[in-house]
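Colleague: no FASTA, just this:
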């Protein structure tokens, strides 16, 4: 059984004919097949044309993403609906004609390969391809070969064939949703021991534009994503961590959203996961939206949870202005297959980001230098048990959740603490994004306020903030009582950490901005934290 996954974005004028052509080719070859066509949030009639094809042909299935989530996510959506032992990725524009599928399948079945891909760089390939695209592809191939050492010369061609076990093992480990997903998929697969082979293809470029739909900003994003993949693969070893499979039976989940009514984009993203209901706290009684459950207060919700928890398997909590990424609910739920897991949390990543100011603020705020030991709460790190998580991104078991095991979400200054009732598991795949105040002044005001509140004791666990104050004292007053060598080494170490913060962004355009931002952030915290501490002492003395 073959599963052909065709991701489509704004292909309304061609998609019906391309599906019909693909179906005809497969039928002539005598294959048993299914075609899963995925509309990735198109703004034209793509979805309607896919649904028309599904109505006309019994072996075509129409699926969709509720918004434009990127080609990588569209392929994952299609895979969720597939059932074949062999899975084929085929670009919906048919630049690579489906008649070539049979050649890839023949090589896969005849050889000891787990993955077979078409390669534009194979010496026997025939290309009708713009020269500028050839040059860009060749440069990217050289970059990939140097960084990853993959046993293939081309990762980007949109025709690939997989044994199903490969995608079951690798797909849920991937983070890239757009152009660099091919590199991440193949790099992770090779890392996990799967074999890859490439064969020549015939490519006829159909786009009218010289670059197709690839713009300069897209090329820049590909490079940055590729560098990030290298960092996760070689430094973090992110793909090595085992992840449980998705549950065989769908679980019922209630997501409680902070803020009412729930934003439309949040509802769209939650609609990706079936069997998910939405609720929020509405103390005014003025909110009404079909399909949303309303509670008058957190106490009412807690009472409902204790009395009627059997209606749902799990409860998720989503903070104000938090936006789920990918299959947020599914990624969280799979962790509960381990009975020791009492709750699952994930990072709250700054984003979506627009402009240099927001990108700078995002990298500075999520760095080890600024966030301290809790940096994992704002960036992608390895999956593990943790002592604390953010209450705006956490899932719990609906029933049997002891009140004394974990502080209740949306309380205790936004922190969920682990107790004796079970494991609080951090899963980087359970990520949400949250807007960040842009650099310079809005961000620095926010950083100063955070450090002040930590110093005043309004937020727990802010001891890291005092490091910047002590470092400032060493540099400013140290010459009076400390050896010059110690001061110089301290300064050099600090400068090296700041420079590393900038370089680790893998974005040459903002490295200097991030370095400057880290210096200013730390300087502000060095002043604001002792100011908060002074306010705390003064407040205590008055009492």
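Modeller: Sure thing, it's come through. Remember, it's a predicted structure, so these values are computed and weren't measured experimentally.

Colleague: Phi and psi next, for the residue most central in space within the chain.
Modeller: With distances taken as Cα atoms, centre = their mean, the residue of the chain nearest its centroid is residue 175 (4.7 Å). Main-chain dihedrals, residue 175, degrees, to the nearest 10: phi -120, psi -30.

Colleague: Tell me the spacing between it and residue 117.
Modeller: Plainly put, residue 175 is 21 Å away from residue 117 if you go by Cβ to Cβ, to the nearest Å. All C-beta atoms are positioned from the backbone trio N, CA, C, and that covers glycine.

Colleague: Then residue 371?
Modeller: Taking Cβ to Cβ as the measure, residue 371 falls 39 Å from residue 117.

Colleague: Looking at these two, which one has more neighbours?
Modeller: residue 117 (26 against 16; other Cβ atoms under 10 Å).

Colleague: ok, the more buried one touching residue 156?
Modeller: No. Residue 117 is beyond contact range of residue 156, at 9.6 Å (criterion: Cβ atoms under 8 Å).

Colleague: and residue 82, helix, strand or coil?
Modeller: coil (DSSP: H, G, I helix; E, B strand; the rest coil).

Colleague: Compute the number of surrounding residues for it.
Modeller: Residue 82 has 23 nearby residues by other Cβ under 10 Å.

Colleague: wait, doesn't residue 241 sit right on residue 382?
Modeller: Yes. Under the criterion of Cβ under 8 Å, residue 241 makes contact with residue 382 at 5.6 Å.

Colleague: measure stretch 27-37 end to end?
Modeller: End-to-end distance of stretch 27-37: 17 Å, with Cα to Cα, to the nearest Å as the criterion.

Colleague: what's the average pLDDT for it?
Modeller: Averaged across stretch 27-37, pLDDT comes to 92.

Colleague: Check stretch 440-451 too.
Modeller: pLDDT averaged over stretch 440-451 gives 93.

Colleague: can you check stretch 526-540 too?
Modeller: 87.

Colleague: and if you look at stretch 185-200?
Modeller: So the average pLDDT for stretch 185-200 ends up being 92.

Colleague: Also stretch 336-356?
Modeller: For stretch 336-356, mean pLDDT is 87.

Colleague: So residue 183: helix, strand or coil?
Modeller: Residue 183 ends up helix, using three-state DSSP.

Colleague: residue contacts, it?
Modeller: Listed by Cβ atoms under 8 Å, 6 or more residues apart in numbering, the contact set of residue 183 reads 144, 148, 155, 156, 176, 225, 226, 229.

Colleague: how far away is the fourth one from residue 182?
Modeller: Spatial separation of residue 156 from residue 182 under the definition Cβ to Cβ is 5 Å.

Colleague: who has more neighbours, these two?
Modeller: Neighbours per residue (other Cβ under 10 Å) separate residue 156 from residue 182, with residue 182 holding more: 22 against 18.

Colleague: Name the nearest residue to the more buried one, ignoring sequence neighbours.
Modeller: residue 155 (4.6 Å; Cβ to Cβ, 6 or more residues apart in numbering).

Colleague: Could you pull up the contacting residues of that neighbour?
Modeller: 117, 141, 144, 182, 183, 186 are the contacts of residue 155 under Cβ under 8 Å, 6+ apart.

Colleague: does it sit in a helix, a strand or a coil?
Modeller: coil.

Colleague: So it versus residue 185, what's the distance?
Modeller: Counting by Cβ to Cβ - residue 155 and residue 185 are separated by 8 Å.

Colleague: again, but for residue 339
Modeller: Distance from residue 339 to residue 185, by Cβ to Cβ: 32 Å.

Colleague: helix, strand or coil for the residue nearest to residue 201 when sequence neighbours are not counted?
Modeller: Nearest residue to residue 201, sequence neighbours excluded (Cβ to Cβ, 6+ apart): residue 118, at 3.6 Å. Following three-state DSSP, we place residue 118 in the strand state.
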